[in-house]
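Chemist: this is the structure alone, sequence omitted:
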DNA sequence: AATATTAATCGTATATTGCCGATTAACGAT
DNA sequence: ATCGTTAATCGGCAATATACGATTAATATT
């Protein structure tokens, strides 16, 4: 997808990058928030809360579905969207691992201490 | 009361999406890992550890610099790259907020009841 | 000054993304 | 069966992203 050759990146790197890519658009981040807030997670409701056309929102939903961050259940003529907590947990773990794993670079082996939040 | 059709995305959403976009390529995730592991964080060292040409790596470094996840310090003819712990911490907070903020949906496969209108 | 080295940038080609209007498919209701 | 509604997909276009070789700018060494 990214380069034409065999991609020689580790699987966890590819997986994390793919998840990040899916989160790499304001509309898609917003969609996740909307799905978390809205009891009825119907596509039309999402469209109504985004400044984008229905076709565009549908594409963003497709991208979120691709990485399994959301699921779509057909309910009559509508589609009810739902967060996938399993993938969300997986994503959270991967991002946490990344951030805690890379610490800081000041001097070799030394981990930068983080200010308390 | 806001008209969501005409309003732009909230700043925190844009900021998070922008960080995610910067992490949305295996090469850039890998660069962060390399910078965390490699004591001397010189550009050439990074290039040596990636399956990409120097010009391409330079572009990825530029993207990471754009969102301030890394810093480049000119050291003679070389450039010493360094993780920016401040932005990393900020990013970790934002991702954590996203994941914990949206919690989870229902159990997998289960669909919300539709509200009649 | 001349040369070697490093890394950013240029130029370019290709692929992907983002956006929308229009269309289609699926479904409920009449 | 027809109509209206919903949402996915199609077609097309512009913008962005990715990749690389070639070039340039900066510096260190000789």
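Modeler: Thanks, I have it. This is a predicted model, so every value here is computed, not measured.

Chemist: what sits against the closest residue to residue A:10 other than its chain neighbours?
Modeler: In space, and not counting its chain neighbours, residue A:10 is closest to residue B:30: 7.7 Å by CB to CB, 6 or more residues apart in numbering or on different chains. No exception for glycine: its C-beta is placed from N, CA and C like everyone else's. By CB atoms under 8 Å, 6 or more residues apart in numbering or on different chains, the contact list for residue B:30 reads A:9, A:10, A:13, B:49, B:50.

Chemist: could you list which of those belong to helices?
Modeler: The members of the contacts of residue B:30 that map onto helices under DSSP state H are residue A:13.

Chemist: work out the gap between the longest helix anywhere in chain A and the centre of the chain.
Modeler: Looking across chain A with DSSP H, the single longest helix is helix A:85-102. How far helix A:85-102 lies from its chain's middle: 11 Å, per CA atoms, centre = their mean, to the nearest Å.

Chemist: re earlier: now do the SS call for the residue nearest to residue A:10.
Modeler: With DSSP: H, G, I helix; E, B strand; the rest coil as the basis, residue B:30 sits in helix.

Chemist: burial of the closest residue to DNA strand C within chain A, as a residue count?
Modeler: Closest contact between chain A and DNA strand C, by CB to the nearest atom of the strand, is at residue A:55 (3.1 Å). Counted with other CB atoms under 10 Å in any protein chain shown, residues neighbouring residue A:55 total 8.

Chemist: point out where chain A drops to low pLDDT.
Modeler: Applying pLDDT under 70 to chain A flags residues A:1-7, A:104-117.

Chemist: how does it look with 90?
Modeler: By pLDDT under 90, the low-scoring segments of chain A are A:1-8, A:38-41, A:75-76, A:101-117.

Chemist: quick check, central residue of it?
Modeler: Nearest to the mean C-alpha position of chain A, by CA atoms, centre = their mean, lies residue A:23 at 4.0 Å.

Chemist: nearest residue to it other than its sequence neighbours?
Modeler: Spatial nearest neighbour of residue A:23, excluding adjacent residues (CB to CB, 6+ apart): residue B:20 at 3.8 Å.
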